[in-house]
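> Here is a sequence with its predicted model. Questions after.
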Amino acid sequence: MAARITELVLDCTDPERLAAFWGGVLGYEVLGRDDESVEIGPPDRRTTLLFLRNPDRKLQKLRLHIDVKATDRDQAEELERLLALGATHVDIGQGDVSWYTLADPEGNEFCLLSGRADP
């Protein structure tokens, strides 16, 4: 028997803002919220993201990050969409690579990979 990841929890100072950003990135909807958190996920609720209010600001590079691929456009078009949603370019020493390293509105790094993923 094995375990399955059911949710990823991300501490943040503004759960609503981060949930809106990541909901836009992933096409996820709000599944629940209270004064301290917002949970988003796909309609099947298979794996969700929970944004939990924490007053501490991020101080260093994350040891775990999210990688995303576009499902219906090329990498350059997806990069434009993510930047319009509020992502920013970040340099963590990645050098000349085939992906883009970005940060969400609270500075959490994630990568936009080349190629397409199944929707």
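Received the coordinates, thanks.
> going forward, measure contacts between C-alpha atoms and count neighbours the same way
Will do.
> ok, and what's touching the helix or strand encompassing residue 38?
Assessed by DSSP states H and E, residue 38 sits inside strand 37-41. With C-alpha atoms under 8 Å, 6 or more residues apart in numbering as the contact definition, strand 37-41 has outside contacts at 15-16, 19, 23, 28-33, 47-53.
> Just the buried ones out of those, please.
Of the members of those, the ones counted as buried by neighbours, 16 or more other C-alpha atoms under 10 Å, are 15-16, 19, 23, 28-30, 33, 48-53.
> if we take these, which one ends up nearest to residue 104?
Minimum separation from residue 104 among the buried ones among the contacts of strand 37-41 (C-alpha to C-alpha) is found for residue 19, which lies at 10.5 Å.
> and the host helix or strand of the closest one, what does it pack onto?
The secondary structure element spanning residue 19 is helix 15-26 (assigned by DSSP H and E). Taking 3 or more C-alpha pairs under 8 Å, 6 or more residues apart in numbering; DSSP states H and E as the contact definition, the neighbouring helices and strands of helix 15-26 are strand 29-33, strand 37-41, strand 48-53, helix 75-85.
> Work out the sheet partners of the first one and label each with its direction, please.
The sheet places strand 29-33 alongside strand 37-41 (antiparallel), with pairing taken from DSSP bridges.
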